[in-house]
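Engineer: have a look at this prediction, sequence included:
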Amino acid sequence: MRYGVAIDLGTSGYRAQKINLDTEEILRTAITLRNPIPGANVMNHVDFAICYGQDLTHGLSINAVKNLIQALDLEIEELERISLCGNPIHLSLFQGISIEDLAYAGERKKKKYDIKEQDRNAKIISSSEIKGLDEFNCEVVIPPAIKHEVGADALALIIKSGMLDNDEISIATDYGTISLKVNDLIYTGCAATGPALEGQQIKHGSLASPYTISDFEFEDGALRNYVLNEKMEAVSGDLVDPATGETLEKGNIEAKGITGTGVIALVEKTIKYGFVEIPRIKTPDGLIHLQNGIDFSERDLKEAGKAIGAIRAGHITLCAVAGIELTDIVTAYMAGAAGTYMDAAKAQKIGLVPYSTGKICQLGNTSLEVAREILLSEEKLWKLQDIASQMSDTHLMLATTPQFRDAYIL
């Protein structure tokens with residue numbers, strides 16, 4: 001038997017699949033419940049690598065991948081090929097490539113510290129070329145970045161959405177990474193959404209995992225909590241008075257936190273039913289009460305607002321540069337956790353999807369899907385490179401774009 005492993009190096013965690021290279025069958029899946037690098041988001045990971053050493057950070061990434069391979073029940077000698085997908089930061093740290101050219105945005109800073117641009121084109125290398133994988137004797141398939149902080153994960157969303165194959169104006173979002181297609185051009189950018197939409201920087205926030213609240217509905221003025229079970233399915237939890245925390249009806253599942261998608265649903269529902277009037281929470285104690293003593297504060301609301309505002313400002317900026325209006329967008333695509341668990345209608349009502357967009361498609365984890373495709377087909381790897389090369393000239397550094405600054409402040 002010939003085996004390969006496809007891995008998504010995600011900001012919120014790593015996901016891996018054991019694949020039979022002859023039959024192309026997925027035999028086993030393993031995940032980590034968080035990224036192995038300390039921190040709640042990719043900027044925390046950059047900061048850790050710069051402050052505590054990229055060798056240490058590289059080692060943490062390599063060890064996590066080794067643990068996943070072990071969890072997939074694979075012996076070293078059985079492994080013929082590993083393929084990866086993810087953003088340029090995590091792909092670079094895994095390979096042991098310097099991330100200083102990604103960490104510093106200004107050209108003057110790069111010149112002052114003599115920072116060189118790294119080669120992030122597609123490649124197939126031997127595992128012996130990556131420190132820590134010396135014991136393996138296999139190929140490592142690495143997809144390309146588009147430019148700066150927009151990489152193979154964005155390419156995965158663009159390709160799997162099918163937006164390249166039609167003429168309609170469309171936008172694709174995987175939390176902060178945004179791609180806009182107008183005519184034959186694709187404009188890309190990455191908005192600093194912060195970790196709030198991944199359940200972090202929220203007092204009771206959590207990455208999506210069993211026993212976390214992922215959705216809400218109102219029933220006769222009370223708040224129904226929906227909680228992920230051990231199979232990661234949303235099931236009915238407690239019915240709670242959001243103003244007092246009184247449990248009106250006990251559900252069959254306990255909760256330990258709230259996910260980023262749960263935050264989005266909560267903000268949309270509490271605005272609609274009058275418990276939130278931005279920037280205030282209109283309850284006696286200024287808290288929205290959820291089940292099991294979990295609450296949501298005005299500070300949490302502001303953190304969520306920063307993230308929502310960054311994505312909306314990113315949409316506005318890309319449209320301005322492309323010379324179109326938000327109302328011109330026909331279809332919106334969502335990937336990652338947003339494309340798996342988030343209620344798209346609720347996301348649209350608070351601005352995570354342009355208001356006038358008539359069609360929303362949720363695509364799940366496109367990064368892992370593309371990792372699997374390039375594991376099985378070298379031709380698809382080089383096709384990714386061709387697309388990335390064509391898109392590099394229409395990439396925007398949103399942080400230095402005046403339109404983004406103005407829109408984000410608003």
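Structural biologist: Cool, got the structure.
Engineer: now the strands for the stretch 301-410 of the chain?
Structural biologist: Ranges of strands in the stretch 301-410 of the chain, per DSSP state E, counting those that start in this stretch, are 331-334, 359-362.
Engineer: ranking the ones you listed by burial, who's on top?
Structural biologist: Ranked by mean neighbour count, these are led by strand 331-334 with a mean of 24 (mean count of other CB atoms under 10 Å). For the C-beta atoms, the positions are set from N, CA and C on the backbone; glycine is no exception.
Engineer: that one pairs with which strands, and in what direction?
Structural biologist: Paired neighbours of strand 331-334 in the sheet (DSSP bridges): strand 170-174 (parallel), strand 359-362 (parallel).
Engineer: list of residues touching it?
Structural biologist: 157, 161, 163, 168-174, 339, 342, 344, 347-348, 353-354, 357-363 (CB atoms under 8 Å, 6 or more residues apart in numbering).
Engineer: tell me the buried residues within those residues.
Structural biologist: 157, 161, 163, 169-174, 339, 342, 344, 347-348, 353-354, 357, 360-363 (16 or more other CB atoms under 10 Å).
Engineer: now do the helix or strand of the chain with the lowest mean pLDDT: which elements does it pack against?
Structural biologist: Ranking every helix and strand in the chain by mean pLDDT, DSSP states H and E puts helix 107-112 at the bottom, with a mean of 73. The helices and strands touching helix 107-112, judged by 3 or more CB pairs under 8 Å, 6 or more residues apart in numbering; DSSP states H and E, number zero.
Engineer: and the following helix or strand past that helix, average pLDDT?
Structural biologist: Proceeding C-terminally, helix 107-112 gives way to strand 123-126 as the next helix or strand, assigned by DSSP states H and E. For strand 123-126, the mean per-residue pLDDT is 97.
Engineer: list the contacts for residue 169?
Structural biologist: 180-182, 324, 328-331 are the contacts of residue 169 under CB under 8 Å, 6+ apart.
Engineer: quick check, pLDDT for it.
Structural biologist: Here the pLDDT value assigned to residue 169 is 96.
Engineer: hmm, back to that, could you export the strands of the stretch 301-410 of the chain as JSON lines, including mean pLDDT and distance to residue 291?
Structural biologist: Below are these laid out as JSON lines (pLDDT from 0 to 100; distance: least, CB to CB, whole Å):
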{"stretch": "strand 331-334", "mean pLDDT": "92", "distance to residue 291": "27"}
{"stretch": "strand 359-362", "mean pLDDT": "91", "distance to residue 291": "26"}
